[in-house]
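>>> Next input, structure requested:
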Amino acid sequence: MITDTHAHLYFPELLSDIENVVSRSFDAGVTKIIAPSVDLKTAEIVLNLTQKFENIYAAVGFHPSDVKNFRIEEIKYLEDFISDKKTVAVGEIGLDYYWDKSNIHHQKNFFIEQIHLAKQYNLPIIIHTRDSVKDAIEIVKSEKADKLKGQFHCFSGDEKDLNEILELDGFSLSFCGNITYKKYSSLDLIKKIPADKILSETDSPFLTPEPFRSKKNEPARIIHTIQKIANVKEMDFNILIEQLSENTKKLFNI
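Sure, this is the predicted structure:
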């Protein structure tokens, strides 16, 4: 019943062992995986994986850290992948001010144009917001008409950001394995989020949860992050899993 809504399966450390990665995910109870892309090349890889594995679905988009390498006109080529029945979202898109602040205008243009594409095809968006959540929220709010919906992946904003997202109908938040780390300081925000607004994800191969922090992350390890959320929210683990499953189905239609 568990869906990992964010696993970068195109990374060599996962792709080279994909049969076992998928097998271990099943053994852990992860029955579906959404694999986002970051450009056209990775979109092709994840679409190929969706043809090979029934339980893998794709999200296609240009990651904000990669848009410096592309022209805005190249967004049109995403439509070749969006038309595939296994594509369930436009993503990973958004803004990233951590690595590069020299091209913020270009990032915003890419983000907005990909939002328009998602609305055209009635697909949700998967949003990256590293050091940029406030600007991302403002863009989403300005583009909210016409049934825009989506996921703020690996949420790292403050309480004000959280409240603004919660006011957006059709938008959910997700958290990665870093919430299991001793230095993670925003567990109080997780406690405040309604269970029907949360999605499960790993961001594999990154942000591996404890007790596997020194190892590569993969979908099977999502159990430890979900357990942490259940503990923080004082929820029964199985009830939380059922709610997460409903949330995923509602947003991604899988």
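>>> from here on, contacts and neighbour counts on C-alpha atoms
Fine.
>>> Count the residues that sit near residue 215.
The local packing of residue 215 (other CA atoms under 10 Å) involves 13 other residues.
>>> Same check on residue 82?
Neighbours of residue 82 (other CA under 10 Å): 23.
>>> same deal with residue 126?
Count around residue 126 with other CA under 10 Å applied: 27.
>>> show me what contacts it?
Contacts for residue 126 were tallied using CA atoms under 8 Å, 6 or more residues apart in numbering; they are 59, 89-94, 150-153.
>>> do residue 15 as well
residue 9.
>>> Next: residue 157.
Contacts of residue 157 by CA under 8 Å, 6+ apart are 133-134.
>>> so what's it scoring on pLDDT?
We note a pLDDT of 96 for residue 157 in this prediction.
>>> List phi and psi for it.
phi -80, psi -180 (degrees, to the nearest 10).
>>> Likewise for residue 113?
Dihedral angles (degrees, to the nearest 10) for residue 113: phi -70, psi -30.
>>> and it, how many neighbours does it have?
Residue 113 has 15 neighbours, counted by other CA under 10 Å.
>>> Kindly report the same for residue 207.
23.
>>> ok, now how distant is the residue nearest to residue 30 when sequence neighbours are not counted from residue 181?
Nearest non-adjacent residue to residue 30, counting by CA to CA, 6 or more residues apart in numbering: residue 2, 4.6 Å away. Here the criterion is CA to CA, to the nearest Å. By it, residue 2 lies 22 Å from residue 181.
>>> who's more crowded, the two?
It is residue 2, of residue 2 and residue 181, that has more neighbours when counted by other CA under 10 Å, with 27 against 14.
>>> Would you agree the more buried one is in contact with residue 239?
No - counting by CA atoms under 8 Å, residue 2 does not reach residue 239; the two are 11.7 Å apart.
>>> Let me see the ranges of the helices in this protein.
12-15, 18-27, 40-52, 79-82, 104-120, 133-142, 159-166, 187-192, 222-233, 237-252 (DSSP state H).
>>> now those in TSV, with distance to residue 127?
As requested, the helices of the chain are exported to TSV (distance: least, CA to CA, whole Å):
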stretch	distance to residue 127
helix 12-15	22
helix 18-27	24
helix 40-52	16
helix 79-82	17
helix 104-120	9
helix 133-142	8
helix 159-166	12
helix 187-192	18
helix 222-233	19
helix 237-252	14
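>>> wait, which of those is closest to residue 65?
helix 104-120 (8.1 Å; CA to CA).
>>> what comes into contact with the closest one?
Taking CA under 8 Å, 6+ apart as the rule, helix 104-120 contacts 61-62, 64, 67-68, 72, 75, 89-90, 93-97, 124-125, 139, 143, 146-148.
>>> any idea how far residue 180 is from residue 207?
10 Å.
>>> do residue 70 as well
With CA to CA as the criterion, residue 70 and residue 180 are 36 Å apart.
>>> more crowded one of these two?
Set side by side, residue 70 and residue 180 show more neighbours around residue 180, with 21 against 13, by other CA under 10 Å.
>>> Where does pLDDT dip in the stretch 1-150 of the chain?
For the stretch 1-150 of the chain, no stretch has pLDDT under 70.
>>> Test my guess that residue 180 contacts residue 210.
Yes - the pair residue 180 and residue 210 qualifies as a contact (CA under 8 Å) at a distance of 5.9 Å.
>>> Fine by me, thanks again.
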